[in-house]
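Visitor: Okay, here's the prediction I keep looking at, along with the sequence it came from:
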Amino acid sequence: MAEVCNLELWRAHRPRTAWSDSLVQLAAADEPQRMGGAPLRYPVSLRDAAVQGWVVLGLAISPDGRVAEAAVMASSNKAFEPPALEAALGSRFSLPRAAGKPVWAFRCVPVEFNIVR
């Protein structure tokens with residue numbers, strides 16, 4: 001996933017914000033974990049047509065665990081991008097920390113759209 005989603009790619013394609021220079025990409029073991037939030041909605045037309053796919057999102061997670069910004073880094077089908085972004089922006093994460101201190105964290109998140117029968 002690193003070839004399609006990492007902090008340097010994010011910075012290259014996103015406008016600067018007051019907090020973007022503060023973003024850190026934590027080691028996998030330290031990444032904030034999703035604690036809940038908006039459900040992932042499968043697009044009805046794709047579900048009915050049995051189309052499956054994926055989206056890789058880059059997330060900027062604030063020190064209080066909110067998703068401040070989400071961007072599509074790659075996807076198998078553009079129709080999956082809006083519901084993936086909606087679910088991500090409504091998510092809450094565990095508090096990102098580095099050396100015990102709150103930080104702005106960058107995290108890559110794969111979102112799978114699979115039909116379970």
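Guide: Now that the structure is in, tell me what you want to look at. Numbers count the residues shown, from 1 in each chain.
Visitor: Quick check, residue 39 in contact with residue 87.
Guide: Yes - judged on C-beta atoms under 8 Å, residue 39 makes contact with residue 87 at a distance of 6.6 Å. All C-beta spots, glycine's among them, are computed from the backbone N, C-alpha and C.
Visitor: the more surrounded of these two?
Guide: Comparing residue 39 with residue 87 by other C-beta atoms under 10 Å, the one with more neighbours is residue 87, at 21 against 11.
Visitor: Please, which helix or strand holds that one?
Guide: Taking DSSP states H and E as the criterion, residue 87 maps to helix 81-89.
Visitor: So for that helix, what gets flagged as buried?
Guide: 81, 83-85, 87-89 (16 or more other C-beta atoms under 10 Å).
Visitor: try stretch 87-101
Guide: Those would be 87-89, 91-93, 96, for stretch 87-101 by 16+ other C-beta under 10 Å.
Visitor: The stretch of helix or strand residue 56 belongs to - what's its average pLDDT?
Guide: Taking DSSP H and E as the definition, one finds residue 56 inside strand 53-61. Averaged across strand 53-61, the pLDDT comes to 96.
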